[in-house]
Each structure stands twice: as structure tokens, then as C-alpha cells.
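Peer 1: coordinates only, sequence not included:
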């Protein structure tokens, strides 16, 4: 590729003619997307991309992995044309691996399993290939749990890992080194928790229904606790169902975006100096069912997966006005479910 | 009546009842397999399954589909011309509980699955995901599916209003391969399409009561032939007797 561009990698559900993971080049000036290649993959439910290497990690959100009743993680390297080369994969010890997160130092990858409620840690070798799990952590037995499942995982700094547990209806924090439990916060009134984000000294836990975000002060190093400081909705009005899917913070830590399926919207929050959120805008998307979105590593734009519309759309991010502007560009991709975007290349 | 004779009569009645139960369950499963093989999937749940909404069906590594409406999605599929699936059961191993109200059985099943694909009058589109599952091709490149499979069907039964009904069915699949090939050569190839094929099994043209037809829980047991795998015993012998 000669002109400046970004790559967006789009993971898809294996339906409606999907060809796996789609590599999309996005022109650095116009933000116009162009499909450049596809790579066969089964049910990519989540993607994670690093900054230091050209590595991409996919959560294999299926019921099988290499002939086992299992999920898995697969690592890829992308070249200058956006073509993916498989580095390797490893089983996840639980089915439907629904979340994957590369740690800051690109030394390991974490994954959460929707079924079984387990999470795993895979060391990476020098090429970025995931090695067999060095840690598999099972949930506690909860007799009245309606589902034994996890929904999200994310490293909290280098020492901790946070998971969104449906088994416990809680945000649970573990030690990254040995998987021992540190603390948890049980969400009141049994919401359906889904996603997790970390920014500065705060941890943000998002509910799928109702679409609330819980903001916690991270005091793990001080006294092993997380303190709830705010709860805020992703919508201005109350909805019967939200189906909120994802929250992500812009790289400059000024904004948080939240996608809500039932409203077909992206909400824009200002992140205040103390970590509190202030809802600035709710943008209606040009399609249905925003399952995930990815923010470019320079924070210029976001790429949203419109799962039911079978397309992605692109919005410019204005950090000053806390606003999104639709570029008008869309690209057809069957059942897009996960997005990861590079920086400018 | 002589007490000894009465006891003997009671014992004989129990034995007859047990044999009748076993015959009825065998007939139930024979009907199940015949309906399945004769394109009568829509009749299977209303006629042969329990009315209990907590019924379940598990297929290979599919996870447990734990609701009656989810079970129905396995049997009611798109009726494309040239598609055809069969179950032929053998080697029945059946145990009826002492109270005569529940039972459990295991069958070995040989099956076939057919999709005429490009050879049918309604071939799948070039970008149809179903093409990944068309594992055979003609010399001129037309793709289709003609697979043979070996399975274990493990079922739990309940007696409802005097009739035996299926309450839970777990289909374990040992291998599948295209006719004309073999399961050793196909073991690795199969792994690429396992997941897509499992999702496809539960696709139905009927409207669903929920947005997604996902499993209710993880797979309870799965074993499939692989070149490095050893067979596993996964039946509770004490329960079966």
C-alpha cells in the first residue's frame, strides 16, 4: 500500500456467507474503507490488537476448537497489505471464548469463556504465537446462578485481571500471576453484565441490560478494593431493553463510547478528571445492531460492526466537542461481530 | 389364592410390565429414527417428546439445547431438494427404573447425511456458508455432501399419561466422513468445519421465541475420532444396569 492508511480487522459470525476475518484498509485522509483480504476463521467473537507489534488475536467463539468441545484463541500477524498469517492457536478450556485481551507488554493474552465460566492466560512466544494456557481459572460454585459464564476479561495494569462474571453477576478481580481472587463487586438487582474497560485509576463495568455503566476507583494496590463512585446510563431515556454491547475509551482518555443494540446508537461520554462520566451525545447509527466497535490507535475515528445490517460504518471522533460525525462510508461484511483498528500506517 | 402363587403372579406381572416398557421405548426410538429419516422432523417433538419445557438435546460438541423449542429447531430445518438424513439404530442397551416412570437407553447409530449441493435444482449461492460443508466434489468440480457417520444416542425417557416420551437426547458423534473416503483420512479435515456444521444443525426456517438460538449450557461430553485419540467410556453403567 502506497498511501497512508489504517487497517481495520473485522471478525464475523460464521453465517450469511462470511469468509472469516476481513482486513479493511481505511484511507488516512478520507477514511474511505476498502476490503483488501479475508482469512478463513470460525466465529470470531472478539479481537485484540497491540501497539508494539503487528499482532492480532482472535477469540474463537465457537463450540469446537481443533476437534475438542472447546473454544480457543488464535494469533495472527498482519503484513503491509493487511494479509493475515496465522501464528498459532491454543484451546481455552471452555466453550465460546467471547473475549480476548492482549496485555500491555504483549507478553500474554487473556481470554474468557462464555460457557463454563472459565478464563485462561496464554503466554506468547517471541513470534507472538499463543502457547498452551499457563493458567485456567474456574468460577466458584454458585447454586442459584442462572448461567455458568463469563462475558469479558481485561488486564488491570500488570498485576490484576478483571472479569465480568454472569455466574456471580459481578466484576471479579484476580491476580494475573496465579489467578487467586482479590475482590469482587456484585451488581445489585441482578442486571445482565457484559463488558469491562480500564482507564487511568478507574475501572468501568457495563451492563447489557439495563444499559448502565458502573465506575470504580481502583484501590487494588492500596488495600485490595475497588470502590464504586458512579452509576450512569448509556441512554438519556429509559428503555425496556438496551442490549448494550461494548464500551471503549479513546487513546487520549478523554472520551468513552458505548454501543447499544436496541437503540442502534453510540453514546459519547466525557471522562472527567476524577474518572466520572458525563453523557455528551447519543448518536444514531446508519444501520442495525452495533455488536462491537474499534477505535483507531490515534483516536481519530471509530469503526462499528452493524451485525444485523451486515456492514460496518465509520465515524470521525471529535474529542473537543465530544461528538461523532458519520463519514457516510459503509462496507458490506456478513454478520460483523468484532473490530480492531491499527494506528496510521 | 395361595400366597406363593400370588407372589409369583406379581413377579410375573412386573416382568411383563418391564418387557412392555422396553418394547414401547424401543418402538418410540424406532419411530423417532424413521420419522427423522423420512423427512418427518416436524412430527417428532409433538408426538415423541415430553411436554416438559425443560427437555434437552445435545449433539456432539454443540452444547446443551435445554428447552423444548430449542429441541424443535434440530428437527425442523430448511427442506431443500436433495437433502436427506438418516439414523439406523442398533445395539440397544436399555434400563427402566424400578418405579416404571423413567428409563434410560443407549443405542449405536449409523447415519447418513446428504446435500446434493450443486447437483440439485436449487444449488447454494457461491457465497453461501453451507458450501463449506459440501465435502465431496464431482470430477467437474460440482460440490455436494454424501457423508456416513457413526454415533451413540443416549436418551432419558419419562412416562407421561401412560406413554413413554423422550425427555433428553444426547447424540455423541464418533466420526463422519464422505462416502468413498474414510474417517482416518478425514479426521483433521473435519475439525475445520466442525463448529460451522454444528451451528447449521440448529438452523430453522420457523420463527423463534428468542432472537438467538444458542445452547443453554456447555457440552457435557464429547469424543470424536482423531488419529491421536483413545476411545472413552461415557455411560454410567450403574444407572443402566
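Peer 2: Structure's in. What do you need? Every value quoted in this text rests on a predicted model; they were computed, and no experiment measured them.

Peer 1: Please see if stretch A:162-170 touches chain B.
Peer 2: No - contact of stretch A:162-170 with chain B (Cβ under 8 Å from any Cβ of the partner chain) is absent, the minimum separation being 11.7 Å. Every residue, glycine included, has its C-beta placed from N, CA and C.

Peer 1: end-to-end on that stretch?
Peer 2: 10 Å (Cα to Cα, to the nearest Å).

Peer 1: So which residues on chain B come close to chain A?
Peer 2: Chain B has residues B:60-63, B:125, B:127-129, B:187-188, B:190-192, B:194-196, B:198-199, B:215, B:217-219, B:222, B:224, B:226 near chain A, with proximity defined as Cβ under 8 Å from any Cβ.

Peer 1: now the residues you listed: which count as buried?
Peer 2: Among the residues of chain B next to chain A, those scoring as buried are B:60-63, B:129, B:187, B:190-191, B:194-196, B:198-199, B:215, B:217-219, B:222, B:224, B:226 (criterion: 16 or more other Cβ atoms under 10 Å in any protein chain shown).

Peer 1: so who does residue 149 touch?
Peer 2: The chain I'm using is chain A. A:113, A:114, A:115, A:116, A:117, A:165, A:166, A:167 (Cβ atoms under 8 Å, 6 or more residues apart in numbering or on different chains).

Peer 1: right idea, wrong chain: chain B
Peer 2: Shown in contact with residue B:149 (Cβ under 8 Å, 6+ apart): B:110, B:111, B:112, B:113, B:173, B:174, B:175, B:176, B:177.

Peer 1: let's see 6 Å
Peer 2: B:111, B:176 (Cβ atoms under 6 Å, 6 or more residues apart in numbering or on different chains).

Peer 1: same thing with the one 5 residues further on?
Peer 2: When the contact criterion is Cβ under 6 Å, 6+ apart, the partners of residue B:154 are B:106, B:170.

Peer 1: Can you classify residue B:145 as helix, strand or coil?
Peer 2: strand (DSSP: H, G, I helix; E, B strand; the rest coil).

Peer 1: likewise residue B:32?
Peer 2: With three-state DSSP as the criterion, residue B:32 reads helix.

Peer 1: And for residue B:9?
Peer 2: Classified using three-state DSSP, residue B:9 is helix.

Peer 1: quick one: pLDDT of it?
Peer 2: pLDDT for residue B:9: 94.

Peer 1: now swap in residue B:126 and tell me
Peer 2: 80.

Peer 1: Same question for the one 3 residues further on.
Peer 2: Among the per-residue scores, residue B:129 holds a pLDDT of 71.

Peer 1: Count residues in the vicinity of the closest residue to it other than its chain neighbours, would you?
Peer 2: Take residue B:129 and drop its neighbours on the chain: the residue closest to it by Cβ to Cβ, 6 or more residues apart in numbering or on different chains is residue A:17, 5.6 Å away. Residues contacting residue A:17 under the criterion other Cβ atoms under 10 Å in any protein chain shown number 17.

Peer 1: so what's the backbone phi/psi at residue A:17?
Peer 2: Note on residue A:17: backbone dihedrals following degrees, to the nearest 10 are phi 80, psi 20.

Peer 1: which residues in chain B form helices?
Peer 2: Here chain B has its helices, by DSSP state H, at B:3-37, B:41-48, B:68-75, B:187-201, B:237-240.

Peer 1: mean confidence score for the second one?
Peer 2: Along helix B:41-48, the predicted local confidence has a mean pLDDT of 97.

Peer 1: So which elements touch that helix?
Peer 2: helix B:3-37, helix B:68-75 (3 or more Cβ pairs under 6 Å, 6 or more residues apart in numbering or on different chains; DSSP states H and E).

Peer 1: Show me what from chain A comes close to chain B.
Peer 2: Contact residues (Cβ under 6 Å from any Cβ of the partner chain) of chain A with chain B: A:14, A:17, A:42, A:62, A:63, A:64, A:66, A:67, A:69, A:95, A:115, A:116.

Peer 1: run the last query once more with 8 Å
Peer 2: So chain A meets chain B at A:14-19, A:42-43, A:62-70, A:94-95, A:115-116, A:147-148 (Cβ under 8 Å from any Cβ).

Peer 1: which among those residues end up buried?
Peer 2: A:14-15, A:17-19, A:42-43, A:62-65, A:67-70, A:94-95, A:115-116, A:147-148.

Peer 1: Of the helices of chain B, flag the one that's most buried.
Peer 2: helix B:68-75 (a mean of 21; mean count of other Cβ atoms under 10 Å in any protein chain shown).

Peer 1: Next, the angle from it to helix B:3-37.
Peer 2: Going by axes from the mean of the first three to the mean of the last three Cα atoms, to 10 degrees, helix B:68-75 is angled at 60 degrees with respect to helix B:3-37.

Peer 1: Just want the most central residue of chain B.
Peer 2: Centroid check for chain B by Cα atoms, centre = their mean gives residue B:171 as the closest residue, at 4.6 Å.

Peer 1: nearest spatial neighbour of it, skipping sequence neighbours?
Peer 2: The shortest distance from residue B:171 to any non-neighbouring residue, by Cβ to Cβ, 6+ apart, is to residue B:59 (4.6 Å).

Peer 1: does that neighbour really touch residue B:201, like I thought?
Peer 2: Yes - counting by Cβ atoms under 8 Å, residue B:59 touches residue B:201, with 5.9 Å between them.
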